[in-house]
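> for reference, the sequence and a predicted model appear below.
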Amino acid sequence: QVQLVESGGGLVQPGGSLRLSCAASGFTFSSYTMRWYRQAPGKERELVAGINAVGISTTYADSVKGRFTLSRDNAKNTMYLQMNNLKPEDTAVYYCNFRGASGLVYWGQGTQVTVSS
């Protein structure tokens, strides 16, 4: 059974940092590109960042470039999103995601990030 479990969200002041984790199980984690999405209240879900299967190549949304760093530890079946210099507009529920070999897309339950003073 495929599971994606996000953690690490919380309340942080503007300029602060958080590290999100996505723990994966039930599939061969090291074979798949993984992604983080986020959804703010009243807005569509948007792609934040992606990392290829071996962790060499990463892509970021323009809004987070230079502030967020995506990494993965295939030995631990875990993906990380280091978020620095957080802004109020980063407030959202953050989800990890991958598309399986069958084309089915899997999502975690999400973790809330709130940036507020």
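Received, thanks.

> nearest residue to the most centrally placed residue in the chain other than its sequence neighbours?
For the chain, the residue nearest the mean C-alpha position is W36 (3.0 Å; Cα atoms, centre = their mean). Once flanking residues are discounted, W36 sits nearest to V48: 4.4 Å by Cβ to Cβ, 6 or more residues apart in numbering. The C-beta positions use only the backbone N, C-alpha and C, and glycine is treated the same way.

> check contacts around that neighbour.
For V48, the contacting residues are R35, W36, Y37, R38, Y60, A61, V64, F68, L81, Y94, by Cβ atoms under 8 Å, 6 or more residues apart in numbering.

> swap the cut-off to 6 Å and go again
W36, R38, A61, V64 (Cβ atoms under 6 Å, 6 or more residues apart in numbering).

> narrow these to those in helices?
Within the contacts of V48, no residue falls in helices by DSSP state H.

> just the buried ones from these, in ChimeraX syntax?
Selecting only the buried entries of the contacts of V48 in ChimeraX, with 16 or more other Cβ atoms under 10 Å as the criterion:
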select :36,38,64
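
> which member of the contacts of V48 is positioned nearest Y106?
Distance ranking of the contacts of V48 against Y106, using Cβ to Cβ, places W36 first at 13.3 Å.

> right, and that closest one touches L81 too?
Yes. Here W36 reaches L81: they are 5.2 Å apart, a contact under Cβ atoms under 6 Å.

> quick one: which of the contacts of V48 is nearest to V54?
W36 (17.6 Å).

> who does that closest one form a beta bridge with?
Note on W36: beta-bridge partners A49, C96, judged by DSSP bridges.

> relative to G15, how far out is it?
Shown here: W36 relative to G15, a distance of 21 Å by Cβ to Cβ, to the nearest Å.

> count the neighbours of N85 for me.
Look at N85: counted by other Cβ atoms under 10 Å, it has 13 neighbours.

> next up, the contacts around it.
With contact set as Cβ under 6 Å, 6+ apart, N85 has these partners: G15, R67.

> rerun that using 10 Å as the cut-off
For N85, the contact set (Cβ atoms under 10 Å, 6 or more residues apart in numbering) comprises P14, G15, G16, S17, V64, G66, R67, F68.
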